[in-house]
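Q: Give me a 3D structure for the following:
(2 chains)
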Amino acid sequence: MSLPKGVLKQLKSLDRISAGSGALKFPDSVKNVNLKFNKYVGPASVGAKHFWKEYLPTMQFYNPNIPFHVTKFEPAPQLRAELLITYEDGKEIAVQAENRAPEEIFNALKEHAEPVKESEIIKLAEKYLY
Amino acid sequence: MRVFVRGFAVLRNEKQLAAQKLRVARRNNEQKQATLLQQKLLKEQTAFQQAPHCMDISQAMRYFRAAHVGQNKNCTTITLNMRILAGKGKSAKQKISGTLRFPVQLKESNVWVITSDPVQHEAAIKAGATKVGGIELLNVFRDLEAASSSPSARSADEANVAANADNESKAADAASGEGVFEKVECDRIITTPEMASRFKQFARILGPRGLMPSPKRGTVVTEVADAVLEARSQVNYKQDKDIVCIPVANVSFSDTEIVENILYAVGTLRETMTGTIGRSILHSCGGPHIAVIV
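A: Okay, here's the model as predicted:
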């Protein structure tokens, strides 16, 4: 079956969200997830910013009921880039994101969430590519 | 009989007969082209409805929320893009345009009400006007005009103002123009007829910003409350070629809210136009394009 003009491009952009790197499923007890990094992105927080753009959309897609926030703070000595997971009972877990590559942040986050099964990952453009 | 003979004689002119044939052929060709275009667009609509990126609103919103995670909600407007399949007759060539008042508002617009009537002040505040005042509110525009006047005039004004030690900060504001420009953050100004003539002196400032009150635009009214309610939640739309784009929601909307707005927009369009709606796409700035069935 042939697709209308321009649709394959859109399917690829949808797949970038649903089948991107970052397919993790958080437990239901998670209340929200907050990624914090420096407003003036330097070498220390550039990994956190790339994590936001590359990994967070897919995480939000597979956790539609959990709000994901991104906070950019003014530079201060006590503030560091981190990913804060808040649970419903008030417990907070901070994953360090300062001076870390996006892959390292993702690997650290895997301890608190489960990867999505291969069968549950939505790939729309796959069968039209070849 | 005489008239008929004359008419018959005219039609037998070879040149005119050829021209008539040409006209008929052209008309037939136009009709054929229009039919072919309609068939093509209907085919496109069917293809879009069967395409894998055609999904229900809740799934589409899941993609939009993921695409715009962590972004400011004001930067994530979702637009409904519809192709209009024109009907037959003269009305087919008319372009669709109008205004909508959505059940769930897309953004809060700042409406200023300037009137000398205290009763209207209360009504405007109840209706949700951002700023309400009388003649004293016009001073804001006077400052704005002074700030944006010619550089020579501005420097003369500054010299006068700087002479006064109490107004030093005011002079700095006037020189930069920033302090004054921040004060006029409004999308619409509504006034009553007795005040309308006072705005003429600020036409040079308000006109280019689309803020100049006029009875034709419905911003010079006797009953302020209705005008404020209308101005707060109006969305304009206009047909460009055969496409109509209407901003219907942003990412922070719930599924039911966006469905309400889409149904309202589509219902209003169907009432006003003679044609039908072809393929419909939901898209956001920098986000994906998703086909929906409306």
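
Q: roughly how far apart are the spatially closest residue to residue B:58 that is not a sequence neighbour and chain A?
A: Once flanking residues are discounted, residue B:58 sits nearest to residue B:255: 4.8 Å by Cβ to Cβ, 6 or more residues apart in numbering or on different chains. C-betas here are computed from N, CA, C, even on glycine. Remark: distance between residue B:255 and chain A (Cβ to the nearest Cβ, to the nearest Å) = 10 Å.

Q: Residue B:255 and residue B:56 touch, don't they?
A: No: Residue B:255 is beyond contact range of residue B:56, at 9.2 Å (criterion: Cβ atoms under 8 Å).

Q: Got phi/psi on the residue nearest to residue B:58?
A: phi -60, psi -40 (degrees, to the nearest 10).

Q: Contacts only, for the closest residue to residue B:192 other than its chain neighbours.
A: Among residues not flanking residue B:192 along the chain, residue B:115 sits closest, at 4.3 Å (Cβ to Cβ, 6+ apart). Residues in contact with residue B:115 (Cβ atoms under 8 Å, 6 or more residues apart in numbering or on different chains) are B:121, B:124, B:132, B:134, B:191-192, B:194-195, B:224.

Q: and those residues, which are buried?
A: Burial by neighbour count, judged by 16 or more other Cβ atoms under 10 Å in any protein chain shown, picks out B:121, B:124, B:132, B:191-192, B:195, B:224 from the contacts of residue B:115.

Q: neighbours of residue B:71, just the number please.
A: 17 (other Cβ atoms under 10 Å in any protein chain shown).

Q: same deal with residue A:111?
A: So residue A:111, with other Cβ under 10 Å, has 8 neighbours.

Q: Show the model's pLDDT score for it.
A: pLDDT for residue A:111: 91.

Q: Shouldn't residue A:127 be within a strand?
A: No: if the criterion is DSSP: H, G, I helix; E, B strand; the rest coil, then residue A:127 is helix and not within a strand.

Q: From chain A, how far out is the residue nearest to residue B:121 when sequence neighbours are not counted?
A: Ranked by Cβ to Cβ, 6+ apart and with sequence neighbours excluded, the top spatial neighbour of residue B:121 is residue B:132, at 5.1 Å. Computed as Cβ to the nearest Cβ, the residue B:132 to chain A distance reads 36 Å.

Q: wait, isn't residue B:132 in contact with residue B:113?
A: Yes: counting by Cβ under 8 Å, residue B:132 touches residue B:113, with 4.8 Å between them.

Q: The closest residue to chain B within chain A in helix, strand or coil?
A: The minimum distance from chain A to chain B, using Cβ to the nearest Cβ, falls at residue A:70 (2.9 Å). Put simply, residue A:70 is strand when judged by three-state DSSP.

Q: what sits against it?
A: Residue A:70 touches A:34-36, A:52, A:56, B:69-71, counting by Cβ under 8 Å, 6+ apart.

Q: again, only using 7 Å
A: A:35, A:52, B:70 (Cβ atoms under 7 Å, 6 or more residues apart in numbering or on different chains).

Q: and the residue lying closest to it once chain neighbours are set aside, how many neighbours?
A: Leaving aside its sequence neighbours, residue A:70 sits nearest to residue B:70 (Cβ to Cβ, 6+ apart; 2.9 Å). When neighbours are defined as other Cβ under 10 Å, residue B:70 has 16 of them.

Q: re the thing from before, mind checking pLDDT for the residue nearest to residue B:58?
A: 91.

Q: Ok, residue A:68 next?
A: Looking at residue A:68, its pLDDT stands at 94.
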